[in-house]
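>>> Below are the sequence and a predicted model for it; my questions follow.
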Amino acid sequence: MSIDLSKLSAKELFELAQHKEKEEQDAAERQGKLDEFKDKRKAMISEHKNILLLTDKKIRDMQKQREKLASDQEQALAELDKEIGTLGGGTAKKTAKPVAASSSGGGDEKLKSTIRQIMNKRPYISSSLLKEKLEGYDIKPSDFQRDLERWINSGWLQNKGKGNYALGKKI
């Protein structure tokens, strides 16, 4: 809409100018608030990312500390087993008879208990490492892959990627 300024009175021109100035001030205030909110948003995102990075670092540090504690415990137990062996008492690993564990026999609960004990030291484990750790307890699963599949189906274990497993919710 165009207005012929030559036909307006001085008072109308003054009111029109004031109205235009008010609109420009409102637009400037809106732009200022918009910029302020954008800056706040950017700062919040940056702060959130920094907090996540710090949290991830703390988690990694705690996992390293946990692994070190587990390693120290295993080392201390190995030293004690060695001392027991030198004194003629044998070791827990050497005196235990190998158990062939499978879902068909009664060794399933012992196998699950031992797996729980191994898994409590880590968030997940590969099937090959788990089998190796079980052999350290003198447990030799007869059909380990079938047992793993059965435990995944029952929810006792969770598949965490190719060949990696974690304890499930039905422990």
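Perfect, I can see it now.

>>> Residue 137: neighbour count?
Using other C-beta atoms under 10 Å, residue 137 is surrounded by 20 other residues. Using the backbone N, CA and C atoms, a C-beta is placed for each residue, glycine as well.

>>> Tell me the spacing between it and residue 128.
16 Å (C-beta to C-beta, to the nearest Å).

>>> Looking only at residue counts, what's the top helix in this structure?
helix 10-86 (DSSP state H).

>>> which stretches of the protein have low pLDDT?
1, 90-107, 170-171 (pLDDT under 70).

>>> go with 50
Residue ranges of the chain with pLDDT under 50: 93-105.

>>> residue contacts, residue 115?
Going by C-beta atoms under 8 Å, 6 or more residues apart in numbering, residue 115 touches 130, 134.

>>> Just the element for it, please.
helix 108-119 (DSSP states H and E).

>>> Going along the chain from that helix, find the next helix or strand for me.
strand 125-126.

>>> Output the contacting helices and strands for that following strand.
Contact here means 3 or more C-beta pairs under 8 Å, 6 or more residues apart in numbering; DSSP states H and E; on that basis strand 125-126 packs against strand 164-167.

>>> tell me which residues in the strand it packs on are buried?
165, 167 (16 or more other C-beta atoms under 10 Å).

>>> Outside of it itself, list whatever touches it.
By C-beta under 8 Å, 6+ apart, strand 164-167 touches 116, 119, 123-127, 130, 148, 152, 156-160.

>>> Tell me the one of the residues you listed nearest residue 48?
Comparing the contacts of strand 164-167 against residue 48 with C-beta to C-beta picks out residue 123 as the nearest, at 24.5 Å.

>>> wait, what's in contact with that closest one?
63, 166.

>>> ok, so what distance separates it from residue 62?
Taking C-beta to C-beta, one finds residue 123 at 11 Å from residue 62.

>>> and what of residue 154?
Residue 154 is 30 Å from residue 62, by C-beta to C-beta.

>>> Now which of the contacts of strand 164-167 would you call buried?
Among those, those classed as buried by 16+ other C-beta under 10 Å are 119, 124-125, 127, 130, 148, 156-157.

>>> mind checking how far stretch 61-79 is from the chain centre?
20 Å (C-alpha atoms, centre = their mean, to the nearest Å).

>>> quick one: contacts of it?
121-123.

>>> Swap in 7 Å and give it another go.
residue 121 (C-beta atoms under 7 Å, 6 or more residues apart in numbering).

>>> Render the CA-only coordinates of stretch 80-89 in PDB, please.
What follows is stretch 80-89, C-alpha atoms only, in PDB (Å, rounded to 0.1, in the frame of the first residue of the first chain):
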ATOM      1  CA  LEU A  80      48.900 -67.300  47.100                       C
ATOM      2  CA  ASP A  81      48.200 -70.400  45.000                       C
ATOM      3  CA  LYS A  82      52.000 -70.600  44.300                       C
ATOM      4  CA  GLU A  83      52.800 -70.300  48.000                       C
ATOM      5  CA  ILE A  84      50.200 -72.900  48.800                       C
ATOM      6  CA  GLY A  85      51.700 -75.200  46.200                       C
ATOM      7  CA  THR A  86      55.300 -74.700  47.500                       C
ATOM      8  CA  LEU A  87      54.100 -75.600  51.000                       C
ATOM      9  CA  GLY A  88      52.600 -78.900  49.600                       C
ATOM     10  CA  GLY A  89      49.000 -77.800  49.800                       C
END
